[in-house]
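Colleague: I'd like to go over a predicted model; first the sequence, then the structure.
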Amino acid sequence: MKLPKISLKIPKIKIYGIDVIKNFLFFTLFIILTLLVIAFIISPAIHKFKSSKALYYQKKYDFEVTTKIYKQKLTELKKLKNANRKILNAMKRKFDANNFKSFVSKYMSISSIKEVNSTVYQKDFLKTTYIMKAKIKSPKNFYDLIDSLKNYKAVLRIYFPIDFIKKEENIDLTLKLEHYMLNPKKAK
Amino acid sequence: MYSFTKPKPKPLVREDTKLWLVFIGVSLILYISFAIFLQIKSILYNKDIKNYNKEIVTLNKKIENIKNEKEFIYKQKTLYEDIMVKNSLMKDSIKNLLDLIPDPITLSSIYFDKNKLIIYGITPTQDIYNMLMLPPLESIFTETKTYFYQLPNGWYKFKSENYLKEKQ
């Protein structure tokens, strides 16, 4: 029996001079390469691009929201500072005995102001205690002094002991004066 | 051997094969360029994301600082208002005490302390003092002691010690 002869050579089928088999194989190769590139290069790149883009817009939104909150808080802070300007300035102000003497001169004549001690108060503040001696005409001068402290540029508290001693036409007044201000370390 | 036709040069790659190879090559270049473009865009997005993250962290720190600053302003305000209120209370309490002094009695000295009031003065009689001045003092203070010294003109010099016991 005679075996059939097997040929591995691709047969050439030509239509109008075009090799159909070869072109079909190239077309198949092109499709395969395209699919491979899409599967292993373009698709991961698109996926990464999409997730980066989504994250970018999310972060951009977060940034805009945070900026809005920051601006809002800053405006609130400015308003608060403006509303309490007098207090904030008073808390920074050091005590000047001569200035205080002239400030209260219409109510009393201060003979001496002596510093007793200075301590840290509530961590952030500095409390300095003074003993003040003065002459007043009547207790009303003392009340006026206390009322005027609301308008004084430093923060002062009248504290015990308070001693009134009648001397001829005047009253000798001795009292403890406490000055409060920002702790210089905190102020820095 | 002789041939009647001249030999034609045979190219290594035929024209249609060359066309396919160029087409496939250009396509691959385009695909890869597109992928590179997407990668570059992703890198730029990631860079912007990092910048936004930094900005957000900075802004959050600033917001925290603003919060602390506001709290500190409120603390100062509270202290200031507390001091002013205490001054007013001090004034009112001293004014109320001095208003208690009846007309016939003259004071020579008053000493106010946190839990103590010492008054020196002159009264025409002990009864006037005991009727007009002692009851209000006793209603305010937990302990009241009075010492009288008779003067040559018959009036009495007195010393009144008044104490407030702190609640335990």
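Modeller: Sure thing, it's come through. Residues are numbered from 1 along each chain as shown, chains lettered A, B, ... in the order given.
Colleague: check contacts around residue 53.
Modeller: As the question left the chain open, I've gone with chain A. B:41-42, B:45 (CB atoms under 8 Å, 6 or more residues apart in numbering or on different chains). Placement of C-beta: from N, CA and C, glycine included.
Colleague: oops, I was thinking of chain B
Modeller: Per CB under 8 Å, 6+ apart, neighbours of residue B:53: residue A:59.
Colleague: now it: how far from residue B:41?
Modeller: Distance, residue B:53 to residue B:41, by CB to CB, to the nearest Å: 19 Å.
Colleague: Check the gap between residue A:37 and chain B for me.
Modeller: Residue A:37 sits at a distance of 4 Å from chain B (criterion: CB to the nearest CB, to the nearest Å).
Colleague: you'd agree that residue is up against residue B:28?
Modeller: Yes: taking CB atoms under 8 Å as the definition, residue A:37 is a contact partner of residue B:28 at 6.7 Å.
Colleague: For the contacts of residue A:53, give me TSV that also has secondary structure, pLDDT and neighbour count.
Modeller: Below are the contacts of residue A:53 laid out as TSV (DSSP: H, G, I helix; E, B strand; the rest coil; pLDDT from 0 to 100; neighbours: other CB atoms under 10 Å in any protein chain shown):
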residue	secondary structure	pLDDT	neighbour count
B:41	helix	96	16
B:42	helix	96	21
B:45	helix	96	21
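Colleague: Go back to those and keep what's next to chain A.
Modeller: Applying CB under 8 Å from any CB of the partner chain to the contacts of residue A:53, one finds that B:41-42, B:45 fall near chain A.
Colleague: between the contacts of residue A:53, which is nearest residue A:88?
Modeller: For these, the closest approach to residue A:88 (CB to CB) belongs to residue B:45, at 44.8 Å.
Colleague: what mean pLDDT does stretch A:18-35 have?
Modeller: Averaged across stretch A:18-35, the pLDDT comes to 91.
Colleague: Likewise for stretch A:80-100?
Modeller: Mean per-residue pLDDT for stretch A:80-100: 95.
Colleague: check whether it contacts chain B.
Modeller: Yes: under the criterion of CB under 8 Å from any CB, chain B is reached by stretch A:80-100 at A:80-81, A:84, A:87-88, A:90-91.
Colleague: quick one on the thing from earlier: any chance of the ones next to chain A among the contacts of residue A:53 in CSV with distance to residue B:155 as columns?
Modeller: Converted to CSV, the ones next to chain A among the contacts of residue A:53 look like this (distance: CB to CB, whole Å):
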residue, distance to residue B:155
B:41, 104
B:42, 103
B:45, 98
